[in-house]
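*Asks:* Need coordinates for the following:
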Amino acid sequence: MTVHHVEHGSGVPLVALHGAGVDHREIEAAVEAIIPRTGYRRIYPDLPGMGRSSAKGLTCNDDVAARIADFVGRVAGGPAMLLGHSYGAYLARGIAARRPDLVAGLALLCPAGPHTQDVPGHTVVRHDPDAHAELDTGQQAGFDEYFVVRTRETARRYRDHVVPGAGLVDEDALGRIFGGWTLDLGSEPFERPTLIVAGRRDSVVGFADAVGLLTRYPHAALAVVEDAGHALIHERPALLAGLLADWLDRAATAPRDEP
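*Replies:* Coordinates of the predicted model:
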């Protein structure tokens, strides 16, 4: 079974994994807006059961991690920078544990995990009077549920890059896969440059679990971002751009003979 993907540019491969219930277009829009356009080959797959990627034969998240690891090995052609948002970050951790030889650096944005604890309530940070002007009536509830920063710009992001993928989800397949939610994350620390970013107002996965990941990732930079929720990749792009630039720079200069 093949994994559908799109890619841009050339250079160091960077594979970005989207969250659950959407397709590659959400993470593509967020990353393309802030990542350097030269020197990086940006690869955006549809995760199995979403977009145009089939989930046939997959029964759990370990199966999904194995398939995406195979995809990275086949398409990237060498160690890749691996970035994930939400569910995509959970899978990225599984891939790094399963095949550390494939991962030159790891970025975990609003990472989901085996369990979720200490999740804050959904607190709106900003809601402009014209925020819903970009949305159809049927899109407003989903936007409000996802975003804590509600502006015309974030509404356009939601309308153009989140909504289209939501209609291409194989709900039966995801139900089957998520029934085997717990992913084998190994027991060894991941020794390559890592970035962990969480939204202080994230009412989906919170930020406490992200802070707790530092012991597993000894070369990780951690940022807990105020005035951002689970849609942090859309709500605080300028700040995220600086964090990703630092991560890429650290990976570019890291010794290649590290474990």
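
*Asks:* Which parts of the chain are helices?
*Replies:* 24-32, 61-76, 87-98, 140-146, 152-157, 163-166, 171-178, 208-211, 232-235, 237-253 (DSSP state H).

*Asks:* wait, doesn't Tyr44 sit right on Ala29?
*Replies:* No - with contacts defined as C-beta atoms under 8 Å, Tyr44 does not count as touching Ala29, sitting 9.6 Å away. Backbone N, C-alpha and C define where each C-beta goes, glycine included.

*Asks:* Neighbour count for those two, which is higher?
*Replies:* Tyr44 (25 against 17; other C-beta atoms under 10 Å).

*Asks:* if I look at the more buried one, how far off is Phe207?
*Replies:* Here Tyr44 is placed at a distance of 26 Å from Phe207 (C-beta to C-beta, to the nearest Å).

*Asks:* and what of His161?
*Replies:* In this structure, His161 lies at 24 Å from Phe207, with C-beta to C-beta as the measure.

*Asks:* Pick out whichever of the two has more residues nearby.
*Replies:* For His161 and Phe207, the more surrounded residue by other C-beta under 10 Å is Phe207, and the numbers stand at 24 against 20.

*Asks:* In contact with the more buried one, which residues are there?
*Replies:* If you count contacts by C-beta atoms under 8 Å, 6 or more residues apart in numbering, Phe207 has them with Ala198, Gly199, Arg200, Val224.

*Asks:* surely the third one meets Asp227?
*Replies:* Yes - using C-beta under 8 Å, Arg200 and Asp227 qualify as a contacting pair, with a distance of 7.3 Å.

*Asks:* Point out where this protein drops to low pLDDT.
*Replies:* Low-confidence segments of the chain (pLDDT under 70): 1, 256-259.

*Asks:* List the beta-bridge partners for the residue nearest to the spatial centre of it.
*Replies:* Residue closest to the average C-alpha location in the chain (C-alpha atoms, centre = their mean): His85, at 1.5 Å. His85 has the following beta-bridge partners by DSSP bridges: Leu109.

*Asks:* from memory it sits against Gly21, does it?
*Replies:* No - taking contacts as C-beta under 8 Å, His85 lies outside contact range of Gly21: 11.8 Å.

*Asks:* From the centre of this protein, give me the residue that's furthest out.
*Replies:* Pro129 (29.6 Å).

*Asks:* Around Pro111, how many other residues sit close by?
*Replies:* Neighbouring residues of Pro111 were enumerated by other C-beta under 10 Å; the total is 24.

*Asks:* what sits against it?
*Replies:* Contacts here follow C-beta under 8 Å, 6+ apart; on that basis Pro111 touches Gly84, Ser86, Ala89, Tyr90, Arg93, Ile196, Ala198, Val205, Asp209, Ala210, Leu213.

*Asks:* Show the buried residues in those residues.
*Replies:* Buried by 16 or more other C-beta atoms under 10 Å: Gly84, Ser86, Ala89, Tyr90, Arg93, Ile196, Ala198, Val205, Asp209, Ala210, Leu213, out of the contacts of Pro111.

*Asks:* how about TSV for the residues you listed, with distance to Arg250 added?
*Replies:* Converted to TSV, the buried ones among the contacts of Pro111 look like this (distance: C-beta to C-beta, whole Å):
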residue	distance to Arg250
Gly84	18
Ser86	23
Ala89	18
Tyr90	22
Arg93	18
Ile196	13
Ala198	19
Val205	24
Asp209	23
Ala210	18
Leu213	17
